[in-house]
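Asker: Provided below are the primary sequence and the corresponding predicted coordinates.
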Amino acid sequence: MSELVRLTDITKVYQGGVTGALNGVSLTVEEGEFTAVMGPSGSGKSTLLNLVAGLDRPTSGSVMVAGSDLGRMGEAALARFRRDHVGFVFQFFHLLPNLTVLENVLIPAQLKRRANAEPAGRKLLSQLGIEELADRYPARLSGGQQQRVAIARALINQPTLLLADEPTGALDTRSGDQVMDLLMELHRQGQTILLVTHDAKLATRYAARVISVLDGRIVDDAKLETAERSASDVIRVRGEETRR
Amino acid sequence: MTAILVKAIADLRRRRLQAAVIFLTVLLSIATGTMALTLMSQTRDPYQTAFQAQKGAHLQVEFNTGTDPKLLASTPAIIGASAFGGPYPATNLQFKYAGRTFYMNTFGRDNPGGDVEVLNITSGRWARANDEIVLTRSFSELNHVSIGEHVKVTSVPQTPTLTVVGQVVDIDEGSADLSSQHAWVLSSAIPLLTTPDSSFYLMDYRFPGDPTSAQLGGYVDRLKASLPPGSITASVNYLLIRSIFNITNQILTGVLGAFSVFALAATIAVVAILVTGIVISAYREIGIMKAIGFTPAEVVGVFSLQITIPALAACLVGIPAGTLLS
């Protein structure tokens, strides 16, 4: 497996912030990995994800994704990078409310000027079990349905990297499990996934690798179901770090 | 369709009120602006246009009744006029119509055409008998005088009655409610309608090009020098008449122009407020758009199209409508 993401000594201090949201974080993500970044609220995990997506810039350090140094890119280049390489799934779905389900799914493909993307979009909706919702508007969908649409939108350009920020955070348990099963299936098909969650059980149940973040630092980086670590170890470490 | 267009049209579908406000505001502004510009271009120099069409006189000179008409006929050569009309016998006519008394310089003229001061007949016909009179359209409309009606002349003891047979437009006259008017009868009718102290002759002169006020003044001086003293009783040149016309025109176009500027400024303000509202309400959406790959320029493009599409539609309707209304 080749390296897809490399963060080197990343610091991120927001304007007005005394301490950094991230403090000297370095990590790599290999192609095909299902990695979970786990940590309590305010630990810096979403900041880390935003940096990998090029939605934010580090105060210091470098972010390399798919061979591109995001720090050297302008806003327009970063937008093109996202549409070409990154699929984003948000906690609150963030579908465009004025577009239908199919239009939401197709818009990244249209931005990439892909001709004839509609069959691919409909196929994705079908694979996600929501093909009959193609002409509906997001406001008329349940949370689980909206998150499936968001996943279809994230996948339409066959991204190198799928980023998921608390994708089950706004869903009930059943819908959440379905969404995670979908991500797991995508991972089995070779999709690289970087998942952010505060839910240790969720992280350890699905991800092959769990990175624990606390106060802007990586406190643990465990590959599960290997000789080295088990899921219970990670949960224990997380619990200990949180209590400090 | 590109993503920008898809998004912009989808937003317009959902933001019909804003789109309608932009459409209506731009429509009113464009229609008013087009109307003003069209009127301004069409009325930039309406007097000059009519002056050329009706072969208006650059100089009109009134001579006392004792001046020899044959001598007057030689005056165009004295001052180098390229065309002339007259000498027309004239009188200051007083007549009554519908209980009201009117005073009007009345000229003896046998036809409305000629090389200078063509009169456009807008209704009826030219006089064919001594008891017929032609009035200006403006006077007729203001005083509700119709073709076939009669006026009673009170400036001569015989008090003859004249039948109104025609209405004309005269290049030298303004609106009847603002300026004095003229009337026309056959030349042979003038002796029957005048007293010795109220008659005179009129000569109309045209010159090559557009003579200046100084040149026209020089022509009058030359006429005075070549005719017996006191022959000339009055003179008027086209520059004076044109300036009177242009004052009205300038007021009209000035008001229209100012109104258009205000309308445009109001439109810009309304559209700016709407755009600000749209952008503020779509603040979160802008973040989503950037996250899924819209470049900053594409985001701007989406919002610009939401303004441009209804504005263009308003232009497509407003420009022809403004032109038609003008």
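Answerer: Cool, got the structure. It should be emphasised that the depicted structure is a prediction, and the values quoted were computed from it without experimental measurement. Numbering: from 1, shown residues only, chains lettered A, B, ... in the order given.
Asker: make it CA atoms for all contacts and neighbour counts henceforth
Answerer: Fine.
Asker: in the stretch 1-150 of chain B, which spans are helices?
Answerer: Under the criterion DSSP state H, counting those that start in this stretch, helices of the stretch 1-150 of chain B are mapped to B:3-14, B:16-42, B:46-53, B:69-73, B:75-79, B:137-143.
Asker: counting by contacts, list what the last one packs against.
Answerer: The one in question is helix B:137-143. If contacts are counted by 3 or more C-alpha pairs under 8 Å, 6 or more residues apart in numbering or on different chains; DSSP states H and E, helix B:137-143 sits against strand B:161-169.
Asker: need the per-residue pLDDT for the residue in the stretch 1-150 of chain B that chain A sits nearest to.
Answerer: Residue nearest to chain A within the stretch 1-150 of chain B (C-alpha to the nearest C-alpha): B:Ala3, separated by 5.1 Å. B:Ala3 is assigned 88 on the pLDDT scale.
Asker: that one and B:Tyr283, how far apart?
Answerer: 19 Å (C-alpha to C-alpha, to the nearest Å).
Asker: so these two - more neighbours on which side?
Answerer: Neighbour totals were compared for B:Ala3 and B:Tyr283, and B:Ala3 leads with 21 against 11 (other C-alpha atoms under 10 Å in any protein chain shown).
Asker: so who does the more buried one touch?
Answerer: Listed by C-alpha atoms under 8 Å, 6 or more residues apart in numbering or on different chains, the contact set of B:Ala3 reads A:107-108, A:110-111.
Asker: neighbours of residue 2, how many?
Answerer: With no chain named, the answer covers chain A. 9.
Asker: oops, I was thinking of chain B
Answerer: B:Thr2 has 14 neighbouring residues, counting by other C-alpha under 10 Å.
Asker: now swap in the one 10 residues further on and tell me
Answerer: By the other C-alpha under 10 Å criterion, the neighbourhood of B:Leu12 contains 21 residues.
Asker: show me the contacts for it.
Answerer: B:19, B:306.
Asker: tell me how far A:Phe93 lies from chain B.
Answerer: For A:Phe93, the distance to chain B (C-alpha to the nearest C-alpha, to the nearest Å) stands at 10 Å.
Asker: for that residue, which residues are in contact?
Answerer: A:146-147, A:150, A:167.
Asker: can you flag which of those residues belong to strands?
Answerer: Among the contacts of A:Phe93, the subset assigned to strands under DSSP state E is empty.
Asker: return the helix or strand in the chain with minimum mean pLDDT.
Answerer: I went with chain A, as the question did not name one. Of all regular secondary-structure elements in chain A, judged by mean pLDDT, DSSP states H and E, the least confident is helix A:231-243 with a mean of 56.
Asker: let's do chain B instead
Answerer: Lowest on mean pLDDT, DSSP H and E among the helices and strands of chain B sits helix B:46-53, with a mean of 78.
Asker: chain B contacts on chain A?
Answerer: Within chain A, the positions near chain B by C-alpha under 8 Å from any C-alpha of the partner chain are A:55, A:75-83, A:87-88, A:94-96, A:98-99, A:107-108, A:110-111, A:113, A:154.
Asker: among these, which are in helices?
Answerer: Using DSSP state H, the subset of the residues of chain A next to chain B located in helices is A:75-83, A:107-108, A:110-111, A:154.
Asker: pLDDT (mean, whole number) over stretch A:21-34?
Answerer: For stretch A:21-34, the per-residue pLDDT averages 92.
Asker: flag every buried residue along it.
Answerer: Within stretch A:21-34, the residues that qualify as buried are A:21-26, A:29, A:31-34, counting by 16 or more other C-alpha atoms under 10 Å in any protein chain shown.
Asker: and what of stretch A:100-117?
Answerer: Buried residues in stretch A:100-117 (16+ other C-alpha under 10 Å): A:100-112, A:117.
Asker: how about the contacts made by residue 168?
Answerer: In the absence of a named chain, this looks at chain A. So A:Thr168 contacts A:91, A:175-177, A:179-180 (C-alpha under 8 Å, 6+ apart).
Asker: um, chain B though
Answerer: Counted by C-alpha under 8 Å, 6+ apart, B:Val168 has contacts B:119-123, B:134-137.
Asker: equivalent analysis for A:Pro138, please.
Answerer: Here A:Pro138 is in contact with A:95-97, A:99-101, A:146 (C-alpha under 8 Å, 6+ apart).
Asker: now the two most distant members of the residues you listed.
Answerer: Greatest spatial distance in the contacts of A:Pro138: A:Leu99 and A:Gln146, 12.4 Å, computed using C-alpha to C-alpha.
Asker: for the residue most central in space within chain A, phi and psi?
Answerer: Per C-alpha atoms, centre = their mean, the C-alpha nearest to the average position across chain A is that of A:Leu163, at 1.8 Å. Per-residue torsions, A:Leu163: phi -100, psi 130 (degrees, to the nearest 10).
Asker: and the helix ranked longest in chain A, which residues are buried?
Answerer: If you go by DSSP H, chain A has its longest helix at helix A:173-188. Buried residues in helix A:173-188, defined by neighbour count with 16+ other C-alpha under 10 Å: A:175-176, A:178-180, A:182-184, A:186-187.
Asker: same list (the ones in helices among the residues of chain A next to chain B) but as CSV, adding pLDDT.
Answerer: Shown next, in CSV, are those (pLDDT from 0 to 100):
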residue, pLDDT
A:Glu75, 91
A:Ala76, 92
A:Ala77, 93
A:Leu78, 93
A:Ala79, 92
A:Arg80, 91
A:Phe81, 93
A:Arg82, 92
A:Arg83, 90
A:Ile107, 93
A:Pro108, 93
A:Gln110, 92
A:Leu111, 92
A:Ala154, 91
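Asker: give me the nearest residue to B:Ile241, chain neighbours excluded.
Answerer: Setting aside the residues directly before and after it, B:Ile241 is nearest to B:Asp172 in space (C-alpha to C-alpha, 6 or more residues apart in numbering or on different chains), at 6.7 Å.
Asker: ignore the last one, B:Phe107
Answerer: Counting by C-alpha to C-alpha, 6+ apart, the nearest residue to B:Phe107 once its immediate chain neighbours are dropped is B:Ala90, at 4.3 Å.
Asker: pull the number of nearby residues for the one you found.
Answerer: If you count neighbours by other C-alpha under 10 Å, B:Ala90 ends up with 29.
Asker: same check on the one 5 residues further on?
Answerer: Each residue near B:Phe95 was counted by other C-alpha under 10 Å, and the total is 21.
Asker: same question, the one 10 residues further on
Answerer: For B:Asn105, the number of neighbouring residues by other C-alpha under 10 Å comes to 17.
Asker: how near is it to B:Leu142?
Answerer: Separation of B:Asn105 from B:Leu142 (C-alpha to C-alpha): 18 Å.
Asker: hmm, A:Arg6 is touching A:Leu27, no?
Answerer: Yes - with contacts counted by C-alpha atoms under 8 Å, A:Arg6 reaches A:Leu27, the gap being 5.8 Å.
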